[in-house]
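Novice: sequence first, then the predicted structure, then my questions.
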Amino acid sequence: MLARMTPLSLTPTFSLLLHRHRRLVHRSLIDLPFSYSSPHCFSPKPTSVLHFHFLYRPPHATTTRSSSPSFTPVAAAGGALLQDAGATAAVLAGAYCLVLAFETLTEREVIKQNLSRKLVHISSGLLFAISWPIFRELLRGPLYYVLILIFCSLVFWRESPVGVITLAMMCAGDGVADIMGRRFGSVKLPYNQQKSWVGSISMFIFGFLISIGMLYYYSALGYFQLDWMSAIQRVAFVALLSTVVESLPTTETVDDNISVPLTSMVAAYLSFGF
Ligand SMILES: C/C(=C\COP(=O)(O)O)CCC[C@H](C)CCC[C@H](C)CCCC(C)C
Ligand SMILES: Nc1ccn([C@@H]2O[C@H](COP(=O)(O)OP(=O)(O)O)[C@@H](O)[C@H]2O)c(=O)n1
C-alpha cells in the first residue's frame, strides 16, 4: 500500500521543528501526553512522514474511475503519491526555513525571544493552513482519534474515570473489534452485514477489560478511589452501550472514532460522574 500524506501526518514533524525553536525561547510547554518534548514523539527525521502509510485506509475496490481503460490503480497511486510527497516536501521545507529563520534572528539578537515566539505563533499556523489545498484529502479517522485524545486530556485529566474509560473503549475496544472481526467474523450481525458477532463481542470484552485495567492503574497511582463491585458493573454498562453503537451501520459522516468515544463518554459520565 502506498503512502498518502495529509496535513495531519505533518503535524508531529512540524511539532518537532517547532521544538527546536521553543527550546531557544525557554517557555513551558502544554502538559499533553504527546507534547513536543515527549521522548515518545514521532520520528525525528522529517522524511519519516513517508512511513505513516498505515494511516491511509485503502478505498473500496469498486470505484467508478477504475472502469476507465486508461486508469490503473498503480498509476493512480503513483500520481497520488507524487502529489502528496511534493506537498509534504514543500510544507516541511517551508516549516524548516521558518523555524530556522526565527531561531537565527533570535540567536543574533535581531529580535527578542518573546517577539520571535509570537511571530512563530502567527506564521506557523498560517503556513499549515495555507498548505491544505495542496493535499488531496484529510484523513478523518486519525484526525478524530487525535481530537478525542486531546479532548479527554483537557477535560478528564487523570482524576476522572471518564477519560480513561472513553479512551479504552475507542482504542482497545474498537481496535480489537476490527482485528478479530476481520479475522474470525464470518457470522454477521442481523442488522449490519459489515460487522460480525465476533467483532462486537471482542469489542465488549476488550473494551471492558482494558477499561478495568486502566481504572486499576489510575487508582493504584492514587488518582481516584473506586468501589470495585459497583465500578465493574458501571464499566460493563459503558462497554455494552459503546459496543451497540459501534455495531450500528455507519455513514460517511458518522465515524466510529467519534460515535464510540462520545457514547462511552456520556455513559461513563452518567455512571461515574465527573
Ligand atoms: C489510525 C488511527 C486512527 C483511525 O483508525 P480507524 O478507525 O480509522 O481505522 C490512529 C492514529 C494515530 C495518530 C496519528 C497518532 C497518535 C499519536 C499519539 C497521540 C502519541 C502517543 C504517545 C505515547 C506517549 C506513546
Ligand atoms: N463489530 C465489528 C467491527 C468491525 N468488524 C470488522 O472490521 C472491519 C472494519 O470495521 P469498521 O468499519 O468499524 O472500521 P473502522 O471504521 O473502525 O476503521 C469490518 O469491515 C469488519 O470486517 C467486525 O467484524 N465487527
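Specialist: Arrived safely. Ligands and ions are numbered 1, 2, ... in the order given.
Novice: just how off-centre is the biggest helix by length in the chain within its chain?
Specialist: Ranked by residue count, the top helix of the chain under DSSP state H comes out as helix 73-107. Distance of helix 73-107 from its chain centroid, counting by Cα atoms, centre = their mean, to the nearest Å, is 21 Å.
Novice: and it, which residues are buried?
Specialist: 76, 80-81, 84-85, 87-88, 91-92, 94-95, 98-99, 102-103, 106 (16 or more other Cβ atoms under 10 Å). To be clear about C-beta, it is placed using only N, CA and C from the backbone, and glycine gets the same treatment.
Novice: quick check: mean pLDDT of the very next helix or strand once past that helix?
Specialist: Downstream of helix 73-107, the first helix or strand assigned by DSSP states H and E is helix 113-130. Mean pLDDT, helix 113-130: 92.
Novice: circling back: from the buried residues of helix 73-107, which two are the most distant?
Specialist: Farthest-apart pair in these is 76 and 106; separation 44.9 Å (Cβ to Cβ).
Novice: are the longest strand seen in the chain and ligand 1 in contact anywhere?
Specialist: When the chain is parsed with DSSP state E, its longest strand is strand 192-196. No: judged by Cβ under 6 Å from any ligand atom, strand 192-196 stays clear of ligand 1, getting no closer than 13.0 Å.
Novice: circling back: give me the angle between the longest helix of the chain and helix 113-130.
Specialist: With axes from the mean of the first three to the mean of the last three Cα atoms, to 10 degrees defining the directions, helix 73-107 sits at 160 degrees from helix 113-130.
Novice: who are the packing partners of helix 73-107?
Specialist: On a contact count with 3 or more Cβ pairs under 8 Å, 6 or more residues apart in numbering; DSSP states H and E, helix 73-107 meets helix 7-25, helix 113-130.
Novice: ok, residue 251 - how many residues close by?
Specialist: Counted by other Cβ atoms under 10 Å, the residues lying close to residue 251 total 6.
Novice: kindly provide the distance from it to residue 260.
Specialist: 15 Å (Cβ to Cβ, to the nearest Å).
Novice: how about residue 188?
Specialist: In terms of Cβ to Cβ, residue 188 sits 19 Å off from residue 260.
Novice: kindly report the same for residue 79.
Specialist: 34 Å.
Novice: now stretch 136-156, how far from the centre of its chain.
Specialist: On Cα atoms, centre = their mean, the centre of stretch 136-156 falls 5 Å from the chain's centre.
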